[in-house]
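In: curious how this folds, go ahead:
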Amino acid sequence: MYSWYAQAEVCYAYLSDLKTTAPLETLTNCHWFSRGWTLQELIAPKRMIFFDENWNQRGTKKDLVDRLSHKTGIPKAILLHQRPLSSVSVAQKMSWAAGRKTTKVEDTAYCLLGIFGVHLPFLYGEGHRAFRRLQDTIVSSVPDLSIFAWKLQPPPSSTDPAERNLQRREYCGVYAPSPSAFAASRSFVKRKAFGRPELLPMNGSIMARMQFLIEMTPKNGGYRYLLPLDCHPESKPDVTLYVRLRKLGHNEFVRENPYDVVEFPQTKLLDRPIIPVSRYLLPELPFHEEDALIGQIPRNPNADFVGQTRTCALQVKLPEGMWLHMLDVWPGHRFDAEDHIFYLGGHDAGHDSAMARLRGGRLSEAGEPMQVDFECIFCAAGWSSTNPDSRQCTVLDYGRFASALSEFRAEVCGWDFRTSHFLERLVYHGMPRASSAVVQGKKSRMHVSFKGSLVQDPNICRNKFWRIEFLCSPCEEHDAQASDGARIDRTV
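Out: From the prediction side, this is the model:
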């Protein structure tokens with residue numbers, strides 16, 4: 001239909017509820033401007049004439065462009081075909097449809113096909129899933145991350161959206177439930193993307209191979225994930241928009257706080273981007289088998305939703321002046337930088353192994369790493385069991401074992417080894433089991449040690465989990481390498 005309107009010499013809009021005696025100012029109050037299908041009828045034709053109830057001509061699109069633009073939010077240059085429709089962000093196009101009504105739920109999506117230049121089979125009876133399919137199709141064909149730049153209207157009883165999310169963190173899928181969620185996106189314009197994002201809907205998720213960003217959370221030294229939207233408010237060209245993400249499952253992410261889109265000035269330095277690997281954005285919150293076992297699994301209704309999706313976890317707690325090197329954590333797909341945990345989410349207890357590179361040095365007032373003074377490596381296995389005898393951990397001087405660690409990382413990188421294989425490789429490379437180590441720094445030696453404790457926090461994990469707390473202090477010259485004198489046990 002859109003192409004038919006675009007190719008027509010002239011299109012007529014009959015406004016059945018516009019009285020002949022009504023002033024021209026009331027034209028945009030007609031029902032025609034609230035219908036979903038008439039959006040493409042307004043945009044597509046180059047020449048358009050409006051008629052009242054008695055077929056009296058009341059004006060053309062060109063003559064009325066100021067009124068039409070003010071009413072619909074569509075830029076005059078788009079209405080007059082002075083700019084290509086492709087120059088407008090997906091979020092802004094969606095905002096034009098916010099508040100418009102259709103007789104059938106599915107038409108909320110189908111009436112927008114021409115505006116986005118995509119095709120979709122009409123399947124009446126699928127209900128709201130039609131809008132989900134539309135977003136899948138747009139993601140597949142239009143490289144524009146602003147499709148995620150939406151937000152919901154907070155419930156009337158809620159406080160400020162940011163404060164509300166801090167009081168009780170809320171999550172949702174990355175897709176909008178309807179065009180109305182883009183009502184506040186009318187001013188969002190495209191920003192030239194850094195690289196071309198690769199997005200592919202598949203198997204109920206969106207495979208995203210692109211750079212995420214992380215911001216440090218000074219409260220716990222962790223990192224929060226940010227999805228750049230490659231757009232900015234028209235009045236704020238120095239601002240870039242993001243939505244916050246929360247990690248769960250195997251490199252799976254859901255959106256945090258559906259009531260807000262985050263603004264960051266371009267001049268504000270965010271933490272480094274995370275290397276682009278295949279990650280998965282979830283259009284909807286996942287359903288877990290455990291959710292159906294009501295009454296069989298203890299649930300905490302006040303707990304963080306993400307924590308309830310984890311069955312086992314190993315948390316690394318670092319003292320002030322130490323941090324995790326985000327580029328050297330394995331397995332990365334089962335590590336959450338915000339909570340500093342390695343986790344398992346289901347029937348994969350045979351993969352409870354982990355390795356992390358720890359650094360110490362000088363931090364800025366905001367908690368940003370400024371200078372690296374020393375490095376060590378931490379390896380752990382068997383932590384899915386609450387039996388302390390099953391858990392094996394070691395901390396080693398990174399410099400002393402650099403060669404062996406380099407080979408070891410090359411072996412495990414990109415693979416999801418079982419714990420037994422992980423332990424075999426540690427033994428093969430001659431890595432001892434040690435609860436403390438003397439680490440050679442740039443200026444002095446440091447004594448690094450850890451202790452493990454079994455804790456319970458439903459915001460982190462559904463069950464009890466191991467928390468490994470590190471201690472760090474200057475080392476006297478006469479101190480020797482600390483070790484338990486034990487070898488890694490390759491059996492689990």
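
In: and S449, bridged to which residues?
Out: S436, L471 (DSSP bridges).

In: so it touches L471, yeah?
Out: Yes - using C-beta atoms under 8 Å, S449 makes contact with L471 at a distance of 5.1 Å. In this view, the C-beta of every residue, glycine as well, is placed from N, C-alpha and C.

In: any weak-confidence spans in the chain?
Out: Applying pLDDT under 70 to the chain flags the ranges 157-168, 193-195, 218-221, 266-276, 287-303, 347, 365-368, 414, 476-492.

In: what helix or strand is the most centrally placed residue in the chain on?
Out: Nearest residue to the geometric centre of the chain (C-alpha atoms, centre = their mean): L245, 3.3 Å. Using DSSP states H and E, L245 sits within strand 239-248.

In: after that strand, which helix or strand is next?
Out: Next helix or strand after strand 239-248 toward the C-terminus (DSSP H and E): strand 252-256.

In: more crowded one of S449 and L471?
Out: With neighbours defined as other C-beta atoms under 10 Å, S449 and L471 compare such that S449 has more, 16 against 13.

In: quick one: residues contacting that one.
Out: Counting by C-beta atoms under 8 Å, 6 or more residues apart in numbering, S449 touches 395, 435-437, 470-472, 482.

In: check V65 too.
Out: With contacts defined as C-beta under 8 Å, 6+ apart, V65 is in contact with 76, 79-80.

In: next: A183.
Out: 95, 98-99, 153.

In: got a winner among those residues for most neighbours?
Out: Busiest of those [other C-beta under 10 Å] is S95, holding 26 neighbours.

In: does that residue touch S185 like I think?
Out: Yes - under the criterion of C-beta under 8 Å, S95 makes contact with S185 at 4.6 Å.

In: can you put the contacts of V65 in CSV and add distance to T38?
Out: Shown next, in CSV, are the contacts of V65 (distance: C-beta to C-beta, whole Å):
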residue, distance to T38
K76, 18
L79, 13
L80, 18
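
In: by neighbours, which of these wins?
Out: Counting neighbours by other C-beta under 10 Å, L79 leads these with 21 neighbours.

In: grab the nearest non-local neighbour of that residue.
Out: Spatially, and ignoring its direct neighbours in sequence, L79 is nearest to V65 (5.5 Å; C-beta to C-beta, 6 or more residues apart in numbering).

In: K93 reaches I115, doesn't it?
Out: Yes - with contact defined as C-beta under 8 Å, K93 counts as touching I115 (5.6 Å).

In: so which of these two has more stuff around it?
Out: Per other C-beta under 10 Å, whichever of K93 and I115 has more neighbours is K93, with 26 against 19.

In: where do the helices sit along this structure?
Out: 2-7, 38-43, 65-72, 76-79, 90-97, 107-110, 113-116, 129-141, 161-167, 305-308, 402-412, 419-428 (DSSP state H).

In: what's stretch 29-40 in contact with?
Out: Stretch 29-40 has contacts (C-beta under 8 Å, 6+ apart) with 1-2, 5, 13, 15-18, 71-72, 96-97, 99-102, 107-108, 111-112, 114-115.

In: how many residues are close by P265?
Out: Neighbour tally, P265, other C-beta under 10 Å: 10.

In: quick one: it and V239 touch, right?
Out: Yes - counting by C-beta under 8 Å, V239 is a contact partner of P265 at 5.8 Å.

In: the stretch 351-492 of the chain: strands as residue ranges?
Out: Applying DSSP state E, counting those that start in this stretch to the stretch 351-492 of the chain gives strands spanning 353-363, 369-381, 392-397, 432-433, 436-440, 445-455, 465-474, 486-487.

In: ok, now the stretch 101-250 of the chain?
Out: Secondary structure of the stretch 101-250 of the chain, counting by DSSP E, counting those that start in this stretch: strands at 171-172, 188-190, 198-202, 205-209, 212-217, 222-228, 231-233, 239-248.

In: same list (the ones you listed) but as CSV, adding distance to D339.
Out: Shown next, in CSV, are those (distance: least, C-beta to C-beta, whole Å):
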stretch, distance to D339
strand 171-172, 14
strand 188-190, 31
strand 198-202, 26
strand 205-209, 21
strand 212-217, 10
strand 222-228, 6
strand 231-233, 30
strand 239-248, 9
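
In: go through the ones you listed and name the closest to P283.
Out: strand 205-209 (6.6 Å; C-beta to C-beta).

In: quick one: strands adjacent to the closest one?
Out: If you go by DSSP bridges, strand 205-209 pairs up with strand 198-202 (antiparallel), strand 278-281 (antiparallel).

In: buried ones among the contacts of stretch 29-40?
Out: Buried subset of those (neighbour count, 16 or more other C-beta atoms under 10 Å): 2, 5, 13, 15, 18, 72, 96-97, 100, 107-108, 111-112, 114-115.

In: out of those, who's nearest P233?
Out: The closest of these, once distances to P233 are taken by C-beta to C-beta, is W96, at 16.6 Å.

In: ok, the closest one touching T72?
Out: Yes - with contact defined as C-beta under 8 Å, W96 reaches T72; the gap is 6.0 Å.

In: looking at the strands paired with strand 205-209, which is closest to S180?
Out: strand 278-281 (21.2 Å).

In: show me how far the closest one is from its chain's centre.
Out: In terms of C-alpha atoms, centre = their mean, to the nearest Å, the centre of strand 278-281 is found 9 Å from the chain centre.

In: quick one: contacts of that strand?
Out: 174, 205-209, 212, 227, 245, 249-253.

In: tell me the buried residues in that strand?
Out: Counting neighbours by 16+ other C-beta under 10 Å, strand 278-281 gives 279-281 as buried.

In: between those residues, which sits nearest R362?
Out: Closest to R362, out of all of the buried residues of strand 278-281 and judged by C-beta to C-beta, is R279, at 31.4 Å.

In: list the contacts of the residue nearest to the centre of the chain.
Out: 174, 212, 225-227, 253-256, 281.

In: with P265 instead?
Out: 238-239.

In: and it, how far from T240?
Out: Relative to T240, P265 is positioned 8 Å away (C-beta to C-beta, to the nearest Å).

In: that older thread, give the PyMOL command for selecting the buried subset of the contacts of strand 278-281.
Out: To isolate the buried members of the contacts of strand 278-281 in PyMOL, using 16+ other C-beta under 10 Å:
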select buried, resi 174+205+206+208+212+227+245+249+251+252+253
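
In: which one among the contacts of strand 278-281 gets closest to V139?
Out: V139 has its nearest neighbour among the contacts of strand 278-281 in I206, at 6.1 Å by C-beta to C-beta.
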